[in-house]
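[1] sequence plus the predicted model coming up.
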Amino acid sequence: MGHARKQAQLEPPTQPWHHLAGTCLLSALALLAGAAPQLLPHATLVFLGVALPWRVVRFTRKAWAFFLVDYCYAASLAVFAFFLALPWLHQQSGSTGSSTGTLVQGVAAALYVLSEGPLAGALIAWQCAWVLESHDHAVSVLVHLLPGLAMFAYTHHWPQPASSHTLRSVLQLTLAPGASQHSSPDAPSGMSSRQAMHVQGAAAVQWLVIAPLAFYMAWQLLYFLVVQVLFRPLIRARRYDTSYNCLARRAARSESGLNTLVRSGSVARRITMYGALQLGFTIVTGAWAAATYYCYPLAVAWQVVKWVAPLYYGACQQARKEQQQQQSESQGLGMAAAKPVVSITAVCGRCAGLPDVAITGNGKKRQ
C-alpha cells in the first residue's frame, strides 16, 4: 500500500492508448463477470501468473523488496497456489475418497474469507483508485479485486459436482448455464450440490475463523520481521512511505481520536496499537466475508461495491488532477499578464536605428 505515492511520482506521462487499454480491460472483466463468472478463476490465475512475477522483478530493481510482504501479495499468492493445484487436488479427491474433498472445501472457505474480507476491504479502507490509463494503479486494484472475485465464482458459480473442474467442463457449463444447479445424490436432503460444498457445523468455525486468523498471524509476524527488523534501516534512510506512515498521515489530517490512540507513546506501543488496529480490521471484514459466504445476494452486492469503489476513487483522483492542472495554467497566465514585456524595436524600432527599448508591466523602460 505504501508504495502507491512513490509510484505516482515515478510514473511516466500517460498516452492515449494507455487509457484505451485500461478501458478495454475494465470492459472485458465486466463482461466476463456477468456472462461467464465460471471463468473468473482462470482469468485470475493468468493475471496473477503475470502480475506477481512482474512486481517481484520491478520492486527488486528499485530496492522495494520489502513491499512484497504486504498482505495483498500474500493473500493473492495463496489464491494463486490454490487454483494452480486445484486440478490435482480434485484428482486426488476422486481416488482417495471424501477426505481430500473436505480439505479442498475447507481451504476454499478460508481463502474466501481472506480474499473477500481484509483483502477486498482494503479497496475501501485505503481508497485504492482505479485509474484506467495507469498500469500501476490498475495492477494494484486488480491484485485486491480479482482474488475475491475468483473465490466468489468458485464458491457460488463453480461447476458441480466437484470432480469436473477442468477448463473444458467450465466452458460446457458456460454454454449450458443452470446445469450445475441440479441436486447431487451426495448432497443432504433438501440441499443443492453447491450448498453441500459449503463447510458446515464445526468445520465452519475451523475454516472460516481459525484458519484465516492463523494465516493473518503468520503474515503479521513475517511482516514485522521484514519491515521492522530487516529493512528498517533502509526504510528510514530513504524515507520510504510504508503503510503505517500512510495511515499516520491520514489520521493526523483528520485530527481524529484514532490519531491520539495509535500515535502516542513509545515506538513499541505505536507498533503494537497499529497491529491491534489491523487485527480488528481483519476480524470485522472477515466476519462480513463469512456472512457473504452463505448468502448469495449479499455476496453479489459486495461484488458491486468492490467494483464501484475503486472506479469512484479513480474518478476523484482524475478530477483533482484536472483541477490542479487548470489552476496551474491559470496561475501561469496570471503571472504572464501581470508583467507583460512589449518590445518596441521588435515592431519598428530596429529598422529605424533605435536602441532596443522595452516597456515592462510596471511602466519602466529597459534598454
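    Received, thanks.

[2] show me where the stretch 251-367 of the chain has its helices.
    257-263, 267-294, 296-338 (DSSP state H, counting those that start in this stretch).

[3] err, the stretch 51-200 of the chain, not the other one
    Using DSSP H, counting those that start in this stretch, helices in the stretch 51-200 of the chain cover 71-96, 98-114, 120-125, 135-156, 167-175, 193-196.

[4] so for Val308, which of these sits nearest?
    Ranking these by distance to Val308, with C-beta to C-beta as the measure, places helix 120-125 first at 10.0 Å. No exception for glycine: its C-beta is placed from N, CA and C like everyone else's.

[5] hmm, back to that, most neighbours per residue, which of the helices of the stretch 51-200 of the chain?
    Highest mean neighbour count among these (mean count of other C-beta atoms under 10 Å): helix 135-156, with a mean of 24.

[6] can you tell me how far Gln323 is from Leu132?
    18 Å (C-beta to C-beta, to the nearest Å).

[7] out of these two, which sits in the more crowded spot?
    Leu132 (21 against 10; other C-beta atoms under 10 Å).

[8] can you tell me the closest non-neighbouring residue to the more buried one?
    Gly22 (3.2 Å; C-beta to C-beta, 6 or more residues apart in numbering).

[9] what pLDDT does that neighbour get?
    Here the pLDDT value assigned to Gly22 is 88.

[10] which residues does it contact?
    131-135, 138 (C-beta atoms under 8 Å, 6 or more residues apart in numbering).

[11] pull the helix or strand with minimum mean pLDDT from this protein.
    Lowest by mean pLDDT, DSSP states H and E among the helices and strands of the chain is strand 358-359, with a mean of 41.

[12] re earlier: wait, which of the helices of the stretch 251-367 of the chain is closest to Trp88?
    Closest of these to Trp88 is helix 267-294, at 24.4 Å (criterion: C-beta to C-beta).

[13] enumerate the positions of the closest one that are buried.
    270, 273-274, 277-278, 282-283, 285-286, 288-290, 292-293 (16 or more other C-beta atoms under 10 Å).

[14] so, low pLDDT: which residues of the chain?
    Scanning the chain for pLDDT under 70 picks out the ranges 1-14, 93-100, 159-197, 247-248, 250-251, 254-256, 258-259, 333-367.

[15] out of the helices of the stretch 251-367 of the chain, nearest to Val205?
    Using C-beta to C-beta, the helices of the stretch 251-367 of the chain put helix 267-294 closest to Val205, at 10.0 Å.

[16] send the alpha carbons of stretch 307-314 over as CSV?
    Written as CSV, here are the backbone C-alpha positions of stretch 307-314 (Å, rounded to 0.1, in the frame of the first residue of the first chain):
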residue,chain,number,x,y,z
TRP,A,307,-16.2,-2.7,-8.5
VAL,A,308,-17.7,0.7,-7.9
ALA,A,309,-15.5,2.0,-5.1
PRO,A,310,-12.1,1.8,-6.9
LEU,A,311,-13.7,3.4,-10.0
TYR,A,312,-15.1,6.2,-7.9
TYR,A,313,-11.7,6.8,-6.2
GLY,A,314,-10.1,6.8,-9.6
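
[17] could I get the buried residue list for that stretch?
    Per 16+ other C-beta under 10 Å, stretch 307-314 contains these buried residues: 307, 309-310, 313-314.

[18] in a markdown table, list these along with distance to Ala51.
    Output for those, formatted as a markdown table (distance: C-beta to C-beta, whole Å):
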| residue | distance to Ala51 |
| --- | --- |
| Trp307 | 18 |
| Ala309 | 20 |
| Pro310 | 16 |
| Tyr313 | 20 |
| Gly314 | 18 |
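
[19] Gln92: which of the residues you listed is nearest?
    Trp307 (35.2 Å).

[20] how close does Val56 get to Ala108?
    Distance from Val56 to Ala108, by C-beta to C-beta: 26 Å.

[21] one step back: for the buried residues of helix 267-294, which one is nearest Ser264?
    So of the buried residues of helix 267-294, ranked by how close each gets to Ser264 (C-beta to C-beta), first place is Arg270, at 7.6 Å.

[22] how close does that closest one get to Met217?
    20 Å.

[23] and if you look at Ala289?
    17 Å.

[24] CA atoms only for stretch 199-215, dumped as PDB, please.
    This file holds the C-alpha atoms of stretch 199-215, laid out as PDB (Å, rounded to 0.1, in the frame of the first residue of the first chain):
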ATOM      1  CA  VAL A 199     -18.400 -26.100   5.100                       C
ATOM      2  CA  GLN A 200     -21.000 -26.700   7.800                       C
ATOM      3  CA  GLY A 201     -21.100 -27.100  11.600                       C
ATOM      4  CA  ALA A 202     -17.800 -27.400  13.500                       C
ATOM      5  CA  ALA A 203     -15.800 -27.300  10.200                       C
ATOM      6  CA  ALA A 204     -17.200 -23.800   9.600                       C
ATOM      7  CA  VAL A 205     -15.600 -22.500  12.800                       C
ATOM      8  CA  GLN A 206     -12.300 -24.200  11.900                       C
ATOM      9  CA  TRP A 207     -12.100 -22.900   8.300                       C
ATOM     10  CA  LEU A 208     -13.900 -19.600   8.400                       C
ATOM     11  CA  VAL A 209     -12.500 -18.400  11.700                       C
ATOM     12  CA  ILE A 210      -9.400 -20.200  13.000                       C
ATOM     13  CA  ALA A 211      -7.600 -20.800   9.700                       C
ATOM     14  CA  PRO A 212      -7.900 -17.200   8.400                       C
ATOM     15  CA  LEU A 213      -6.700 -15.900  11.800                       C
ATOM     16  CA  ALA A 214      -3.800 -18.300  11.800                       C
ATOM     17  CA  PHE A 215      -2.900 -17.100   8.300                       C
END
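
[25] sweet, I'm off.
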